[in-house]
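Q: dropping the sequence and predicted coords here.
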Amino acid sequence: MNSESIINKNDIGNSLSKAPSLVETGLLYSIVGLLLMTLGVYVQNKNFATGILVTEYIIILIPSVLLLVIRKYNVKQILRLNPVSFLNLFIIMSIMFFSMWIVTVINFFNLWLINTIFGNVIIPPLPISETPLLVNLLLIGVSAGVCEEVMFRGVIQRSFERFGKTSSIVITAFLFGLFHMDFQKLIGTFLLGIIIGFIVYRTNSLYAGMFAHFVNNSIAVLINYISDKITPSEISAMQANENFVNDYFNTLNAMPSVQKVGVIVVWLVIVAFCSAALAGLIWAFVRNTSTTNKSVLSSSTGKVLPGILAYLPGLIIVIVVYIIIGLNLASVPLNFLLMAFRL
């Protein structure tokens, strides 16, 4: 039997029965966004490994947990700290594998549009070549998987459940995509956020979302590691990838229409194959989680406008960063801003 329990604020007269309010999570999003673009950028420029640890645990995780503790929320209930079966973990790993290929094609199309509009793309550096592979997996796979999931699927998604489970998943995924400060991969990150949010809801476990996030990031780290190994030593993997992408798009744009259609068809075939596999996996996942108790909490805020205003500073920060990236892609000189944000 499919079971979904809805707990509203009238069931129990204290914070244990409620999700964080939109105002609380909006302030969290804005404060973390500000710290990310100031302290986070600074420490990551000083040292990548230390910077990631500071960013994930001090800037993202600690404020999220403090919000729950200070406001006396039921941490286990809010974060869905429930076990996940090994079968579900295997299905989740498979879902992330096939969805990553779909997202890669979507991101490639996204980059193609940007290359067409701006004339080039800029791939943000991922300076992991100086760090051992296992350390990178722990930093980017485990740390991001744990800390970002606590903030987004754990705290923020809960606060939007007052609008329904689907809306909470989609809105949180959009905020998650924006939070990565890279509109060149916004669509793909948004879709990944939807998949992870769906996984967390169906399993009623944040551990499932952490695992899904870990799998996705770890595959990306492994691909970057392999790319770095086969790249000539005098050229960074990031620079090689950036050159390849720009050259590929320039070649694609110069192709006759028939050849261009052929390339697009190949992309669509890849997406269709992975989508079919993904659909089958999601069907199996839904069946396997059909008896899972899926709790939906009511938010403790009564008005929407204060919550929107609380999110506004964080969204403004994102918009400013996106404008700077766009101007940089358009080769508009912004030396003083680029020095500040290191974009």
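A: Received the coordinates, thanks.
Q: and Val321, how many residues sit next to it?
A: 20 (other Cβ atoms under 10 Å). Heads up, the C-betas are built off the backbone N, CA and C, glycines and all.
Q: which strand or helix spans it?
A: helix 305-329 (DSSP states H and E).
Q: so for that helix, what's the average pLDDT?
A: Per-region confidence: helix 305-329 scores 89 on mean pLDDT.
Q: can you name every helix or strand that it contacts?
A: Secondary-structure packing of helix 305-329 (3 or more Cβ pairs under 8 Å, 6 or more residues apart in numbering; DSSP states H and E): helix 22-35, helix 86-118, helix 165-179, helix 335-341.
Q: Leu305 is nearest to which of those helices?
A: Among the helices and strands packed on helix 305-329, the nearest to Leu305 by Cβ to Cβ is helix 22-35 (9.3 Å).
Q: how far out from the middle of the chain is the helix or strand just after the closest one?
A: Next along the chain after helix 22-35, taking DSSP H and E as the criterion, comes helix 41-46. Its chain's average C-alpha position is 20 Å from that of helix 41-46, according to Cα atoms, centre = their mean, to the nearest Å.
Q: following element in sequence after helix 41-46, please.
A: helix 48-53.
Q: ok so, going back, tabulate the helices and strands packed on helix 305-329 (JSON lines), appending mean pLDDT and distance to Gly326.
A: What follows is those, written out as JSON lines (pLDDT from 0 to 100; distance: least, Cβ to Cβ, whole Å):
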{"stretch": "helix 22-35", "mean pLDDT": "96", "distance to Gly326": "18"}
{"stretch": "helix 86-118", "mean pLDDT": "88", "distance to Gly326": "7"}
{"stretch": "helix 165-179", "mean pLDDT": "95", "distance to Gly326": "14"}
{"stretch": "helix 335-341", "mean pLDDT": "52", "distance to Gly326": "12"}
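Q: wait, is Thr131 part of a helix?
A: No - Thr131 is assigned coil when assessed by DSSP: H, G, I helix; E, B strand; the rest coil, not a helix.
Q: quick check, pLDDT for it.
A: The model reports Thr131 with a pLDDT of 74.
Q: apart from its chain neighbours, what residue comes closest to it?
A: Sequence neighbours aside, Ala49 is the residue nearest to Thr131 in space, at 5.7 Å (criterion: Cβ to Cβ, 6 or more residues apart in numbering).
Q: my read: that neighbour touches Val135, true?
A: Yes - judged on Cβ atoms under 8 Å, Ala49 makes contact with Val135 at a distance of 6.7 Å.
Q: how about Val271, what does it touch?
A: Ile102, Val105, Ile106 (Cβ atoms under 8 Å, 6 or more residues apart in numbering).
Q: nearest to Phe211 among those?
A: Among the contacts of Val271, Ile102 lies closest to Phe211 (Cβ to Cβ), at 19.1 Å.
Q: tell me the spacing between the closest one and Ile171.
A: 22 Å (Cβ to Cβ, to the nearest Å).
Q: quick one: which of the two has more around it?
A: Set Ile102 next to Ile171 and count neighbours by other Cβ under 10 Å: Ile102 wins out with 21 against 17.
Q: which residue, other than its chain neighbours, is closest to that one?
A: Spatial nearest neighbour of Ile102, chain neighbours left out: Cys274 (4.9 Å); criterion: Cβ to Cβ, 6+ apart.
Q: mind showing which ranges of the stretch 151-300 of the chain have poor pLDDT?
A: 230-246, 298-300 (pLDDT under 70).
Q: tell me the buried residues in the helix or strand harbouring Arg287?
A: According to DSSP H and E, Arg287 maps onto helix 257-288. Neighbour counts over helix 257-288 (16 or more other Cβ atoms under 10 Å) mark Trp267, Val271, Cys274, Ala277, Leu278, Leu281, Ile282, Phe285 as buried.
Q: quick one: it to helix 86-118, angle?
A: For helix 257-288 against helix 86-118, the angle by axes from the mean of the first three to the mean of the last three Cα atoms, to 10 degrees is 150 degrees.
Q: and helix 257-288, how far out from the chain middle?
A: 21 Å.
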